[in-house]
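J.: structure for the following, please:
(one chain, ligands or ions: 1)
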Amino acid sequence: MSQIIDGKALSLAFRTEIRDRVAELSARYGRVPCLAVIMVGDNPASRSYVRGKIKAAGFVGMDSRLVELPETVSEQRLLDIIAELNADAGVDGVLVQLPLPPHIREDRVIDAIALEKDVDGFHPMNVANLWLGRPCTVPCTPKGILRLIASTDIAIAGKRAVVVGRSNIVGKPVAKLLLDAQATVTIAHSRTENLAALTREADILVAAVGRPGMIGADMVGEGAVVIDVGINRLPDGRLVGDVDFDAVSQKAGWITPVPGGVGPMTITMLLENTLECFIRKQ
Ligand code: NDP
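T.: As a prediction, this is how the structure comes out:
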């Protein structure tokens, strides 16, 4: 039976530290960090993520601004709002909740966020710096995943890590962070052959696919650390990950639950990134 990596409890510990730090910085600089979140349209999943981010900012004593725009907003209007927030000295972090409606080019929006306020770590310069091993803002979900693994007693160095999924926001950056932590990393994707044979060899398995329960017990090695990034809403309303939790938890050494694993850590790392942007500005 696996040990559960409790993302909720770990998040609370980190958020409490961040809250103390915010109080300290507020006394020193006379203001608290401020996170601006732009939301376009009314996607229910996006709305719930945005609500979680704003609430978490409040918990740690940060200010936040929520800019809600209609689905029909023009790309130019969105870019203008980003420019205003970039220029606003009272704002330390700017994030645009993805996905965006199809008439808005995501790349143009990501590129428009000032590098020093890019709390999501999606700006091309942040991505380049991550891959070059230079100082940067590390994307929240991959950063949180490394913290979750660090909370186990498993040392990453020398281990075989398999990341299933190669998106720019999760798969690729988490693979780079695992490589930096001295793992031997394989990135798998929809065209990978013999996926199960590959994942079974992993000491650390990260599933970031978006397919409910696709990682079964037959795909996991005995004692592996299994990180489930997937967030999938089933027709009956239940939220499940990419890993078949009940079956895999009989075999893995460590496993993250969904909900309560990677999700809360992602938001916590967003708070940490906002704090880092604030500190760099002072
Ligand atoms: P994307 O859809 O951008 O990427 C999915 C990846 O999975 C692709 O690389 C795709 O391969 C791969 N894939 C699809 N089908 C298979 C298959 N059958 N076998 C192997 N690989 C496959 O998703 P994201 O990375 O944005 O998100 C992944 C999941 O994580 C989603 O459920 C999302 O909701 C969740 N998520 C959770 C977060 C959190 O905070 N917990 C944060 C971000 C995402 P290919 O490239 O070949 O198409």
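
J.: partners of residue 37 in the sheet?
T.: Here residue 37 shows beta-bridge partners residue 66, residue 95, assigned using DSSP bridges.

J.: residue contacts, it?
T.: For residue 37, the contact set (CB atoms under 8 Å, 6 or more residues apart in numbering) comprises 50, 53, 54, 64, 65, 66, 67, 95, 97. Heads up, the C-betas are built off the backbone N, CA and C, glycines and all.

J.: gap between the first one and the ligand?
T.: The reference is to residue 50. 13 Å (CB to the nearest ligand atom, to the nearest Å).

J.: name the helix or strand for that residue, please.
T.: Taking DSSP states H and E as the criterion, the element that holds residue 50 is helix 44-59.

J.: residue 63 against residue 34, yeah?
T.: Yes. With the criterion set as CB atoms under 8 Å, residue 63 and residue 34 qualify as a contacting pair; they are 4.0 Å apart.

J.: quick one: which of those two has more around it?
T.: Neighbours were tallied for residue 63 and for residue 34 using other CB atoms under 10 Å; the higher tally belongs to residue 34 (21 against 17).

J.: hang on, the more buried one packs against residue 93?
T.: Yes. Because the distance of 7.4 Å satisfies CB under 8 Å, residue 34 is recorded as touching residue 93.

J.: what's the overlap in contacts for the two?
T.: Taking CB under 8 Å, 6+ apart as the contact criterion, the common neighbours of residue 34 and residue 93 are residue 278.

J.: and for the residue in the stretch 1-150 of the chain that the ligand sits nearest to, nearest residue in space, chain neighbours not counted?
T.: With CB to the nearest ligand atom as the measure, residue 141 is the residue of the stretch 1-150 of the chain nearest to the ligand, at 4.2 Å. Nearest residue to residue 141, sequence neighbours excluded (CB to CB, 6 or more residues apart in numbering): residue 266, at 4.6 Å.

J.: same for the one helix or strand that neighbour maps to, what does it pack against?
T.: Using DSSP H and E, residue 266 maps to helix 262-281. Contacting helix 262-281 under the criterion 3 or more CB pairs under 8 Å, 6 or more residues apart in numbering; DSSP states H and E are the following elements: helix 7-29, strand 34-40, helix 44-59, strand 93-96, helix 140-150.

J.: buried set for it?
T.: With burial defined by 16 or more other CB atoms under 10 Å, the residues of helix 262-281 counted as buried are 262-278.

J.: likewise for stretch 97-114?
T.: Neighbour counts using 16+ other CB under 10 Å place 97, 100, 104, 109, 110, 111, 112, 113, 114 of stretch 97-114 among the buried residues.

J.: next one: stretch 84-96
T.: For stretch 84-96, using 16+ other CB under 10 Å, the buried residues are 85, 86, 91, 92, 93, 94, 95, 96.

J.: what residues does this protein put near the ligand?
T.: Neighbours of the ligand within the chain, by CB under 6 Å from any ligand atom: 141, 164-167, 169-171, 188-192, 195, 208-211, 229-232, 262-263, 266.

J.: so how far is the ligand from residue 238?
T.: 14 Å.

J.: quick one, phi psi at that residue?
T.: Torsion angles at residue 238 (phi, psi; degrees, to the nearest 10) stand at phi -70, psi 150.

J.: need the per-residue pLDDT for it.
T.: Turning to residue 238, the model gives it a pLDDT of 95.

J.: coming back round to it: tell me the most buried of the helices and strands packed on helix 262-281?
T.: Among the helices and strands packed on helix 262-281, judged by mean count of other CB atoms under 10 Å, the one packed with the most neighbours on average is strand 93-96 (a mean of 26).
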